[in-house]
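Q: Have a look at this prediction, sequence included:
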Amino acid sequence: MIELWYTAFGAAALPPAVLAAHVARLPPAWQRRVLACRRPARQQATLFGALLLQHVLRCRAHPYALEHVLRTPDNRPYLAGAALDFNVSHSGRYAVCVLSTTCRVGVDIEERTRTRIAGFQPHFQPAEWAALHTADPQEQFYRLWTQKEAVAKADGRGLNIPLRDIRIRHQRANLAGTCWHVREIGLTEADAAAYTLHIAASQPEPIAAPRQVSFLELEVRPP
Amino acid sequence: MSTLTEELKGHIIQELNLVDIHPADISPDAPLFDYDGLGLDSIDALELTVILSKYYGIKVTDPAQMKQAFYSLATLAAFIAEHQAAEVVA
């Protein structure tokens, strides 16, 4: 079973004192990571991504915790020796975390903010680009993009993989002969028109209903 | 700081719609994608390839090959300057 946990943190910036208090609850390396962010929105998203992962690991990976998370040379977070895989993504007002004890997983969520996609054509296969224009091109672009990105993150090499090499077809992705299972998940009906989310997994495991983590569970005081 | 670097800053802020960034905030040597630099995301990498094509006539089909050039504003400016010099020679 694959689990998807998420939290919605809103657009309002946390007051500096509240932000500092939450940052202080993270392990030192994660504190440095959040505090080094120069863009406020990015800093808030990174903080909530870290708080969500901390909560998920506490619930599902005990005795492993956030301070045990390592990074590969390609910057993919992992837990050495733990029989579970996880992946985090954030965009707009959401942070999401996918977790599995049986297969390798990747997740990508994107807020559909970009309207100009014409310049992106060289990064897609001709057939993909043609299919993208059969319906709402912006929606189709984000669908294709989050599929490829989720696979790149599950693989672990991220943007070091040429996007064109990840070929998507009928909820499956092929990357250099390796098959990944990709599935689209809607978080809430209200945000279905604004966000696209895909999970990639090395096995066709079922995905449990998304589980929202409240501010109360994250021990965050709402702004 | 070179004119090209300053010009690039303007294009990046405008094309990537970085409303929370002032040109003075961008250090030429800070990483573009790392959390302690501009913190650009993966779709922003595609936008950078669009900037290279639109303003400098440089076609890039694979952002993965651009890892070194996309490291910072300075490395990106150097990549463009090198490309432009090669065109003059040719």
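A: Ah, there it is.

Q: show me what contacts A:Asp85?
A: A:78, A:99-100, A:103-105 (C-beta atoms under 8 Å, 6 or more residues apart in numbering or on different chains). All C-beta atoms are positioned from the backbone trio N, CA, C, and that covers glycine.

Q: so which pair among the residues you listed is furthest apart in space?
A: The most widely separated members of those, counting by C-beta to C-beta, are A:Tyr78 and A:Cys103 (13.9 Å).

Q: circling back to that earlier point, could I get the contacts of A:Asp85 as JSON lines with distance to A:Tyr142?
A: JSON lines is the format used below for the contacts of A:Asp85 (distance: C-beta to C-beta, whole Å):
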{"residue": "A:Tyr78", "distance to A:Tyr142": "27"}
{"residue": "A:Leu99", "distance to A:Tyr142": "23"}
{"residue": "A:Ser100", "distance to A:Tyr142": "24"}
{"residue": "A:Cys103", "distance to A:Tyr142": "25"}
{"residue": "A:Arg104", "distance to A:Tyr142": "23"}
{"residue": "A:Val105", "distance to A:Tyr142": "20"}
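
Q: Compare those and tell me which is most surrounded.
A: A:Val105 (28 neighbours; other C-beta atoms under 10 Å in any protein chain shown).

Q: pLDDT value on it, please?
A: Note on A:Val105: pLDDT of 98.

Q: Also B:Asp41?
A: pLDDT at B:Asp41 comes out at 83.

Q: how many neighbours does it have?
A: Around B:Asp41 there are 19 residues (other C-beta under 10 Å).

Q: Identify the residues contacting the most centrally placed residue in chain A.
A: Here the mean C-alpha position of chain A is nearest to the C-alpha of A:Ser89 (C-alpha atoms, centre = their mean), at a distance of 2.2 Å. Applying C-beta under 8 Å, 6+ apart, we find A:Ser89 in contact with A:49, A:95-96, A:107-109, A:153, A:197.

Q: Which helix in chain B has the most residues?
A: When chain B is scanned for its longest helix (criterion: DSSP state H), the result is helix B:73-89.

Q: Quick one: name the residues of chain B near chain A.
A: B:18, B:20-21, B:25, B:30, B:35-39, B:41-43, B:45-47, B:49-50, B:53-54, B:59-65, B:67 (C-beta under 8 Å from any C-beta of the partner chain).

Q: hmm, 6 Å instead?
A: B:20, B:35-36, B:39, B:42, B:46, B:50, B:61-62, B:64 (C-beta under 6 Å from any C-beta of the partner chain).

Q: Restricted to helices, list these.
A: B:42, B:46, B:50.

Q: Return the distance of the residue nearest to the centre of chain A relative to A:Thr115.
A: Note on A:Ser89: its distance to A:Thr115, by C-beta to C-beta, to the nearest Å, is 22 Å.

Q: cool, and A:Ala173?
A: Distance from A:Ala173 to A:Thr115, by C-beta to C-beta: 26 Å.

Q: same deal with B:Ala85?
A: 35 Å.

Q: now A:Thr188
A: 23 Å.

Q: who has more neighbours, these two?
A: A:Thr188 (13 against 8).

Q: Let's verify the more buried one: helix, strand, or coil?
A: coil (DSSP: H, G, I helix; E, B strand; the rest coil).

Q: Could you pull up the residues touching residue 60?
A: No chain specified, so I'll use chain A. Going by C-beta atoms under 6 Å, 6 or more residues apart in numbering or on different chains, A:Arg60 touches A:Leu99.

Q: try again with chain B
A: B:49, B:52, B:66.

Q: So for chain B, the centremost residue is which one?
A: Central residue of chain B (C-alpha atoms, centre = their mean): B:Leu76, at 4.7 Å.

Q: Can you give me the buried ones in stretch A:3-11?
A: Residues A:3-9 are the ones in stretch A:3-11 that count as buried (16 or more other C-beta atoms under 10 Å in any protein chain shown).

Q: So which of these are in strands?
A: Judged by DSSP state E, those include A:3-8 as members of strands.
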